[in-house]
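Visitor: Please work out how this folds:
(chains A and B)
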Amino acid sequence: MSDATQTELANANPLPVRARVWNRFAGIFWLSPTGAIGLFIILFFALLAIFSAWLIPHDPIAAYTDKVLHPPSAEFWFGTDGNGMDVFSRVIYGAKFGFGIAIPAVILSLVIGIPVGLIAGYRGGLLDEVLMRFVDGLRVFPSIILALAVVAATGQSLLNVILVLGFLDSPVFARVVRAEVLGLRSSNFVESAVAAGNPTWRILFVHLLPNAIQGAMAQTAVRAAWAVRISATLAFLGVGIQAPTPEWGAMIRQGAEYMVSGQWWVALYPGLALILLVFGLNLFGDGLQDLMDPRRRSAK
Amino acid sequence: MTFQRFLLRRALMVIPLMIGVVFITFMLVRIGGLDPVGRLAGPTATQAEFDSIRNNLGLDQPLWKQFSIYLGNVVRGDLGESWLSNRSVLTDIKERAVISLELLFWGVGIGALVGVPVGLRAAFRPNGRFDQFTRVLSLFGFSIPTYWLALVMIFVFFYLLGWSPPAIGRMSLLVTPPDMITGSYLIDGVLTARWDAAQSAASQLILPVICLAIVSAAPIIKQTRAIAIEVLSSDTVRYAHACGLPERNVRKLVLRNSAVPILTYIGTEVTGLVGTMSLIEYVFAWGGLGQYGLNAIISGDFTAVQGYVLVLAVFSVLVFIVIDFVVYLIEPRSELS
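Guide: So this is what the prediction gives:
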């Protein structure tokens, strides 16, 4: 092949890389409009979390002791809570906790789950059997109760909540990756990689990983939704994150007693924010799974 | 395969799972390294008192020995005594189990009665308006925090509208509970013709049941739809269409063929719902097993937490077995793998 034809071939693709990436990205909107809405909701909360310092009118933990339980007004848009703290500022600030817990927890799950799934699927045998039995055993416990009990037993801190959620959710990714690897294990590219003398770690992480990771990546948004929900539930029960922290679950806990005496704003707004973020993540996750799984797409 | 062989095989498969479950339960409260002795002994305790408490609880033994003792106790049905109240955990759990089961039964029952038909209807016209609507609605149901929904319902129906009684448990304080037969105030009230009690029990039940039904219906809708769509594209259904079977009969066929996976799914969902239900119990001060478990977790009552978590796991395994059995009854050819 001459040099000329090679350069011709290289130039044959009419679209520059950036345009192709953009087209693929835009494809999300066409294929899954609801997923796109979810993405917008997530971005909205991400902006709130990043720019909360400039957006909040009051310090989220400053107590206006003379203005306890004021209903929503021009000064306090969402009213004040039982300590006289501004609910609006606290709700905005709470977005930081949503992302601050979900993102590291999901990353931790991926970091644990993917290698375990790769090794279990590739090696098989006793190791695989034991790991999968353990995962099966974990599945008979309700996840919320398990998370609660472990956080309560291991000590209550934000870091601990993240670690526990990350560990408990890693089987989800291990399972998906393992199933993919089982299907790929005896394919030609793996066999030729073995024949070429690649060490096992290289086969796992260079050859198998890129081919087996799609299913796991499609799960991330839904798992993030789970992490946000569970962490808020823990805070609602007073486990992990404690009261004056402007976390949504903890705020709902504070507002719970006022629901029966008519001060609805204390618990209502953090709940709405929580629903909206989890809803956005679920919508986006649903679209993501459709995109990555052609079988699901054609089924619709 | 005969019924006896089915039972035997199932029991053999459950044993290793149960040992694993007991092990996880056992480790659950020990991984933290939190020491209950200090809490029990109080701040003024001497070293001798510490040692004697440690000895009483068996905490001075090596871990593997503690586990074998625990496993032996569990097999004999002894879940120990609460470290805080000294009451038998098993008795406490037994008293409360029926209370929670009643709530679970109504909640999941109504959730399934609504969810399955809605999911089927969505599947018959995928991407139609009804499907789009219910899809968003069910994702929304996934996203609602249960306890918040419960609080909002209490605010609307108790505080604003005054339709429902205060959320203080299973019966109004002004009504004496009926004589205990089953443990469910509603059923006992009806059985003993105590209509005031039955009515009070029913009105207390409505909000938590609706709450649980909403939370359980959302995933049922989604899963039923997915299952029915798969069945709709199967060869059986295509053949039925090709034979010119009327639409009504085809739908019956779809229902018959999706029954097994839908039932299996609802069975697995119950496991997660038991956790969700505990939050509903917590908000409505229901006094059932879920509230007991949450309180035990929050107050660090390790034996009670162990007992609670173990009973939940056993319950899930039982549900799986019952579902397997029902599947075996309606579809004997399924080889119970």
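
Visitor: mind checking which helix or strand A:Leu168 is in?
Guide: helix A:158-184 (DSSP states H and E).

Visitor: Show me which residues of that helix are buried.
Guide: A:158, A:160-178, A:180-182 (16 or more other Cβ atoms under 10 Å in any protein chain shown). Yep, even glycine has a C-beta here, placed from its N, CA and C like the rest.

Visitor: again, but for stretch B:252-264
Guide: For stretch B:252-264, the neighbour count (16+ other Cβ under 10 Å) marks B:253-254, B:257-264 as buried.

Visitor: What is the nearest of those to A:Thr80?
Guide: The shortest approach to A:Thr80 among the buried residues of stretch B:252-264 belongs to B:Ile262, at 47.9 Å (Cβ to Cβ).

Visitor: Please give the element, helix or strand, for that closest one.
Guide: For B:Ile262, the host element (DSSP H and E) is helix B:247-283.

Visitor: and the angle from the helix or strand following that helix to helix B:247-283?
Guide: Counting by DSSP H and E, the next helix or strand C-terminal to helix B:247-283 is helix B:289-299. Helix B:289-299 runs at 40 degrees relative to helix B:247-283, counting by axes from the mean of the first three to the mean of the last three Cα atoms, to 10 degrees.

Visitor: Show me how far helix B:289-299 is from its chain's centre.
Guide: 15 Å (Cα atoms, centre = their mean, to the nearest Å).

Visitor: Restricting the selection to alpha carbons, write that helix to PDB.
Guide: Below are the C-alpha coordinates for helix B:289-299, written out as PDB (Å, rounded to 0.1, in the frame of the first residue of the first chain):
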ATOM      1  CA  LEU B 289     -41.300  -5.500  63.700                       C
ATOM      2  CA  GLY B 290     -39.900  -2.900  61.400                       C
ATOM      3  CA  GLN B 291     -40.100  -0.100  64.000                       C
ATOM      4  CA  TYR B 292     -38.600  -2.500  66.600                       C
ATOM      5  CA  GLY B 293     -35.700  -3.200  64.200                       C
ATOM      6  CA  LEU B 294     -35.000   0.400  63.400                       C
ATOM      7  CA  ASN B 295     -35.100   1.400  67.100                       C
ATOM      8  CA  ALA B 296     -32.700  -1.500  67.900                       C
ATOM      9  CA  ILE B 297     -30.300  -0.300  65.100                       C
ATOM     10  CA  ILE B 298     -30.500   3.300  66.200                       C
ATOM     11  CA  SER B 299     -30.000   2.500  69.900                       C
END
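
Visitor: Tell me how far the strand or helix carrying B:Phe133 lies from the chain's centre.
Guide: According to DSSP H and E, B:Phe133 maps onto helix B:129-143. On the basis of Cα atoms, centre = their mean, helix B:129-143 sits 24 Å off its chain's mean C-alpha point.

Visitor: One more: stretch A:271-282?
Guide: Between the centre of stretch A:271-282 and the centre of its chain there are 12 Å (Cα atoms, centre = their mean).

Visitor: got the contact list for the closest residue to A:Ala212 other than its chain neighbours?
Guide: What sits nearest to A:Ala212 in space, not counting adjacent residues and going by Cβ to Cβ, 6 or more residues apart in numbering or on different chains, is A:Glu180, at 3.8 Å. Contact analysis of A:Glu180 by Cβ atoms under 8 Å, 6 or more residues apart in numbering or on different chains lists A:117, A:121, A:211-215.

Visitor: Burial check on B:Trp64, number of neighbours?
Guide: 8 (other Cβ atoms under 10 Å in any protein chain shown).

Visitor: give me the residue from the stretch 201-337 of chain B nearest chain A.
Guide: With Cβ to the nearest Cβ, the shortest gap between the stretch 201-337 of chain B and chain A falls at B:Gly275, namely 2.9 Å.

Visitor: count of residues packed around that residue?
Guide: Other residues near B:Gly275 come to 23 when the count uses other Cβ under 10 Å.

Visitor: Could you check how far the nearest residue to it once chain neighbours are set aside is from B:Leu279?
Guide: Spatial nearest neighbour of B:Gly275, chain neighbours left out: A:Pro142 (2.9 Å); criterion: Cβ to Cβ, 6+ apart. Going from A:Pro142 to B:Leu279 by Cβ to Cβ, to the nearest Å gives 10 Å.

Visitor: May I have the predicted confidence score for the residue in chain A that chain B sits nearest to?
Guide: Closest to chain B within chain A is A:Pro142: 2.9 Å, counting by Cβ to the nearest Cβ. At A:Pro142, the model reports a pLDDT of 87.

Visitor: Also the one 4 residues further on?
Guide: We note a pLDDT of 87 for A:Leu146 in this prediction.

Visitor: Pretty sure it sits against A:Leu168.
Guide: Yes - with contacts defined as Cβ atoms under 8 Å, A:Leu146 counts as touching A:Leu168 at a distance of 6.1 Å.

Visitor: shared neighbours of these two, anything?
Guide: Jointly contacting A:Leu146 and A:Leu168 under the rule Cβ under 8 Å, 6+ apart are A:Leu138.

Visitor: Longest helix in chain A, please.
Guide: Secondary structure of chain A per DSSP state H: the longest helix is helix A:87-123.

Visitor: packing partners for that helix?
Guide: Packing contacts for helix A:87-123, counted by 3 or more Cβ pairs under 8 Å, 6 or more residues apart in numbering or on different chains; DSSP states H and E, involve helix A:33-50, helix A:52-55, helix A:125-139, helix A:158-184, helix A:209-212, helix A:214-236, helix A:248-256, helix A:265-292.

Visitor: what residue lies at the spatial centre of the chain?
Guide: I'll assume chain A. With distances taken as Cα atoms, centre = their mean, A:Ala224 lies nearest the centre of chain A, 1.6 Å away.

Visitor: Switch to chain B, please.
Guide: Nearest to chain B centroid, counting by Cα atoms, centre = their mean: B:Val274, 2.6 Å.

Visitor: neighbours around B:Val209, how many?
Guide: B:Val209, neighbours per other Cβ under 10 Å, totals 22.

Visitor: So it is in contact with B:Gly107, correct?
Guide: Yes - with contacts counted by Cβ under 8 Å, B:Val209 reaches B:Gly107, the gap being 5.2 Å.

Visitor: Tally up the residues packed near B:Ala134, please.
Guide: Not quite, residue B:134 is Thr, not Ala. Neighbours of B:Thr134 under the rule other Cβ under 10 Å: 21.
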